[in-house]
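Chemist: Everything below, folded, please.
(one chain, ligands or ions: 1)
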Amino acid sequence: MLEVSREPIRDLAALDTAHHLHPFADMKELVEGGVRVMTRGEGVYVWDGEGKRYLDAFAGLWCVNVGYGRREITEAVVAQMDALPYYNSFFATTTAPTARLAAEIARLAGPGLSRVFFTNSGSEANDTWLRMARVHWATLGQPDKKIVIARHNAYHGSTVAGASLGGMKHMHEQGDLPIPGIVHIGQPHWYVEGGDLSPEEFGLARARELEEKILELGPERVAAFVAEPVQGTGGIIVPPASYWPEIQRICRKYDILLAVDEVITGFGRLGSWFGFQHYGLTPDFCVIAKGLSSGYQPIAGVIVADRVADVLTNQAGQFHHGFTYSGHPVAAAAALANLRILEEERLVERIRDDIGPYFAERWGSLADHVMVGEAVSTGLLGAVQIVIDKATRTRFSRPHDIGMIVRNFCIMRGVIVRASADRILVSPPFIITREEVDQIVSTLRAVLDYVAAELSSD
Ligand SMILES: *Cc1c(COP(=O)(O)O)cnc(C)c1O
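Modeler: Predicted structure coming up:
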C-alpha cells in the first residue's frame, strides 16, 4: 500500500486546485476552501490523506455498491489487461468479457430485453437511446415521431443531450439548453408540490400530465418518455404508488417508447435487479451505468427491448453511433466480477429481505425530529427533507444553505452524506452492516439536534 505522509498531501491538494477543473464545482470556492485528497478505501470506509476515516454512506457517487477493496475485481482487471488491454468493437470484432457481459446483463434483465449497447458513461447512454428511438420511428416510416418527454428535476447526465433530458434549471441555463425536441412535465414530488392532494391523487395527476402533453403535441410526434424509477440527484424522490402504472398505461396507449434511466436503481439498489422489475414495468430502453461495475471501471450502456432492437438490426441499416471504448474489455471484466459478487453474496436479496427493511425502519425513525418533514427510503436509498415547520411543510428560505450545513457537519463527524438542496441523501454500499446503518442514523440525528439548537439560540 502506498503510504502518503502529510506534506505531499498538501502539495497534491495545491497541484489539484491549481490545475484540475472539477465537475460540478464553483472553482473559486474550491480554490479558497481547498480539496480533500482521498487515498484509500476498504469495505464501507474511505480514508483521506490526513488519515481521517469516513463511513461512505454515499458509495462514492451512488456506485461502489459492493464496497471498496474487492480483490476479485482487481484481479479480473489485471488478468484482462495482461491478456488484451484493449480492442474495439466497431469492425465486427468483440472481446470475451464484452460478449459475456452483454449476455449476463440480458439474463438479469429478463425476457424481451436481450441486447445491450455499451458506452462509457450514463450521459452517453442517454444520448445513445435518444438517437436510437428516433432511428426506430424513422425506420418504421414515422420520421416526425421524434420529441422526447422528460421531467423537471430529473438527472440524466451532463452531455448536451443528457443535460437537456434532465430537468435541472441551473444546468439548462448554461449552454442554451434544452436542445430542440425535448420537453418537460412535472415530477411526482408529493411532499413539496403535492399541496392538498393525497399522495395517490397527486401521483395520478402527475402521470396524467404525460397524457396531456402527448395529446397537446400529437402522439405521432412523440418518440419516447424518459424517467428515473426513483429520482436520484433530484432528491431521492420516491413516486406515489399510483404513478408508474399510469405512466405505463399511457405509454402503451399512445405507442410511446418508455426509457427508464436506471443508472442508480439498476443492479440491486431497490432490492430487485432493476427498478423496472420493482415497479412491474416493461421498458423499451434501460440505461445502466454506476452499479454495473460498482465504479471500479467506467462502463455503462443501454439495454434495448427486442421490439426496438429487432427493427434496428433487421431494417435500419448501419447505426452511425458508438464510442472508441464501447464495451472496453477491462471495464467489462470489472463489471463481470462485480456482478458475480452481487450474485454469489446474494446482495440484492439481502437488500430486499434483510438490510433494506432494517434500513427503512432506522431511517424512518428520523421522521420524529423537529427539523425533518419526511424521512423516506426504498431499498438502500434514503432521503430526509429538512423543514422549518413540519405542520405546514414549510421549507427554509435558502434550501441549499441548510442542506450544505447539515451535510458538512455529517462529513466532519466522519459520515459522508450528500445534500440535494434541503434534502439529505444516503445511498450506502450493499454490504453495510446494521451497526453501520445505526451509525449513519445517529450521526445525522446528532447533527440535526446540534443545528436545531444553534438555530433556536440565534
Ligand atoms: C449519474 C447519472 C447519470 C449520468 O451518468 P454519468 O456516468 O455521470 O454520465 C445519468 N442518469 C442518472 C439517473 C444518474 O444518476
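Chemist: CA atoms for contacts and neighbours, from now on please.
Modeler: Will do.
Chemist: Around the closest residue to S420 other than its chain neighbours, how many other residues sit close by?
Modeler: Nearest residue to S420, sequence neighbours excluded (CA to CA, 6 or more residues apart in numbering): G235, at 5.4 Å. Residues near G235, counting by other CA atoms under 10 Å, number 24.
Chemist: Quote the end-to-end distance of stretch 99-118.
Modeler: In stretch 99-118, first residue to last residue: 11 Å (CA to CA, to the nearest Å).
Chemist: neighbouring contacts of that stretch?
Modeler: 125, 273-274, 284, 299-307, 309, 326-327, 332-333, 335-336 (CA atoms under 8 Å, 6 or more residues apart in numbering).
Chemist: next one: stretch 194-211
Modeler: By CA under 8 Å, 6+ apart, stretch 194-211 touches 149, 185-188, 190, 239-244, 246-247, 250.
Chemist: Just those residues: which are in strands?
Modeler: 149, 185 (DSSP state E).
Chemist: and R70, how many neighbours does it have?
Modeler: 16.
Chemist: For Q187, see how far away it is.
Modeler: Taking CA to CA as the measure, R70 falls 37 Å from Q187.
Chemist: ditto for V78
Modeler: Remark: distance between V78 and Q187 (CA to CA) = 43 Å.
Chemist: cool, W244 as well?
Modeler: 12 Å.
Chemist: ditto for T98
Modeler: In terms of CA to CA, T98 sits 36 Å off from Q187.
Chemist: quick one: low-confidence ranges for the protein?
Modeler: The chain contains residues with pLDDT under 70 at 1-7.
Chemist: Go again with 80.
Modeler: 1-7, 458 (pLDDT under 80).
Chemist: and it, which of its residues are near the ligand?
Modeler: Residues of the chain lying close to the ligand by CA under 6 Å from any ligand atom are 121-123, 155-157, 228, 232, 261-264.
Chemist: Number of residues surrounding A335?
Modeler: So A335, with other CA under 10 Å, has 30 neighbours.
Chemist: Give me the nearest residue to it, chain neighbours excluded.
Modeler: Setting aside the residues directly before and after it, A335 is nearest to S293 in space (CA to CA, 6+ apart), at 4.1 Å.
Chemist: Name the residue closest to the centre of this protein, please.
Modeler: By CA atoms, centre = their mean, the chain has its centre lying nearest to I264, at 2.9 Å.
Chemist: In three-state terms, label that residue for me.
Modeler: When classified by DSSP: H, G, I helix; E, B strand; the rest coil, I264 comes out as coil.
Chemist: can you pull the contacts of it?
Modeler: Residues counted as contacts of I264 (CA under 8 Å, 6+ apart) are 62-63, 232, 288-291.
Chemist: In strands, which of those residues appear?
Modeler: Filtering the contacts of I264 for strands - DSSP E - leaves I288.
Chemist: and the contacts of I264 as a markdown table, adding neighbour count?
Modeler: Output for these, formatted as a markdown table (neighbours: other CA atoms under 10 Å):
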| residue | neighbour count |
| --- | --- |
| W62 | 23 |
| C63 | 23 |
| G232 | 25 |
| I288 | 30 |
| A289 | 29 |
| K290 | 26 |
| G291 | 28 |
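Chemist: V417: what's it in contact with?
Modeler: 56-58, 407, 410-411, 424-426.
Chemist: Could you do F319 as well?
Modeler: Shown in contact with F319 (CA under 8 Å, 6+ apart): L312.
Chemist: quick check, it in a helix?
Modeler: No - with three-state DSSP as the criterion, F319 is located in coil rather than a helix.
Chemist: Next one: E349 from the ligand, what distance?
Modeler: Look at E349 and the ligand: by CA to the nearest ligand atom, to the nearest Å, they are 22 Å apart.
Chemist: What residues does that residue make contact with?
Modeler: Contact analysis of E349 by CA under 8 Å, 6+ apart lists 271-272.
Chemist: For the closest residue to T233 other than its chain neighbours, I want the exact helix or strand it lies within.
Modeler: Leaving out its chain neighbours, the residue that sits closest to T233 by CA to CA, 6+ apart is Y155, at 6.2 Å. Using DSSP states H and E, Y155 maps to neither a helix nor a strand.
Chemist: mind listing what's buried in stretch 23-37?
Modeler: By neighbour count on 16 or more other CA atoms under 10 Å, the buried set for stretch 23-37 is M27.
Chemist: which outside residues touch that stretch?
Modeler: So stretch 23-37 is in contact with 9, 12-14, 16-18, 21, 48-49, going by CA under 8 Å, 6+ apart.
Chemist: can you put the residues you listed in JSON lines and add neighbour count?
Modeler: Formatted as JSON lines, the contacts of stretch 23-37 follow (neighbours: other CA under 10 Å):
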{"residue": "I9", "neighbour count": "18"}
{"residue": "L12", "neighbour count": "15"}
{"residue": "A13", "neighbour count": "17"}
{"residue": "A14", "neighbour count": "15"}
{"residue": "D16", "neighbour count": "17"}
{"residue": "T17", "neighbour count": "18"}
{"residue": "A18", "neighbour count": "11"}
{"residue": "L21", "neighbour count": "12"}
{"residue": "D48", "neighbour count": "16"}
{"residue": "G49", "neighbour count": "21"}
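Chemist: Kindly report the domain assignment for this structure.
Modeler: Listed by automatic domain parsing, the domain ranges of the chain are 36-66+348-457, 73-344.
Chemist: starting at the chain centroid, how far to the first one?
Modeler: A distance of 16 Å separates the C-alpha centroid of domain 36-66+348-457 from that of its chain, computed with CA atoms, centre = their mean, to the nearest Å.
Chemist: Can you give me the neighbour number for F118?
Modeler: 27.
Chemist: Just read off the phi/psi values of it.
Modeler: Backbone geometry at F118, expressed as degrees, to the nearest 10, gives phi -90, psi 140.
Chemist: Need the max-distance pair from the contacts of V417.
Modeler: The span of the contacts of V417, defined through CA to CA, is set by D56 and I424 at 13.9 Å.
Chemist: for the stretch 301-450 of the chain, what spans make up the strands?
Modeler: Ranges of strands in the stretch 301-450 of the chain, per DSSP state E, counting those that start in this stretch, are 372-378, 381-386, 415-416, 418-420, 423-426.
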